[in-house]
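[1] sharing a sequence plus its predicted fold:
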Amino acid sequence: MLELRPTCEHCNKALPAASTEAMICSFECTFCRGCVELLGNVCPNCGGGFAPRPVRPSRDWKNGNDVAHHPPPRASFTNRWMSIRMRIGRRK
Ligand SMILES: [Zn+2]
Ligand SMILES: [Zn+2]
């Protein structure tokens, strides 16, 4: 599941879960559209490109089609361990 980081990592602009301005790279580094343009669509943390972050509906739009009714599948132990390792590596 996406972390849905709440702010742009470059200018600290607020990017709530419903924001259509949020852009993420494959490691979920999160930036606003303005900063992505400034950065030439290249992530300064990992060198990857960006894609618009999907909006997560916070309320039940249709037939229980929201986060609470359809939680994403649990990550396997391996995937969770990999993402923890990646996070530790990025923080150093
Ligand atoms: Zn920004
Ligand atoms: Zn990145």
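    Okay, I see it. Numbering: from 1, shown residues only. Ligands and ions are numbered 1, 2, ... in the order given.
[2] how about the residues of the chain by ligand 2?
    By CB under 5 Å from the ion, the part of the chain that sits against ligand 2 consists of Cys25, Phe27, Cys29, Cys43, Asn45, Cys46. (Each C-beta comes from the backbone N, C-alpha and C, glycine too.)
[3] those residues, buried ones only, as a PyMOL selection?
    Restricted to buried positions by 16 or more other CB atoms under 10 Å, the PyMOL selection for the residues of the chain next to ligand 2 reads:
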select buried, resi 25+29+43
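[4] reformat the residues of the chain next to ligand 2 as a markdown table; add secondary structure.
    Formatted as a markdown table, those follow (DSSP: H, G, I helix; E, B strand; the rest coil):
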| residue | secondary structure |
| --- | --- |
| Cys25 | coil |
| Phe27 | coil |
| Cys29 | coil |
| Cys43 | coil |
| Asn45 | coil |
| Cys46 | coil |
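[5] this structure: helices as residue ranges?
    33-38, 77-91 (DSSP state H).
[6] and those helices, which one's lowest on average pLDDT?
    Lowest mean pLDDT within the helices of the chain: helix 77-91, at a mean of 55.
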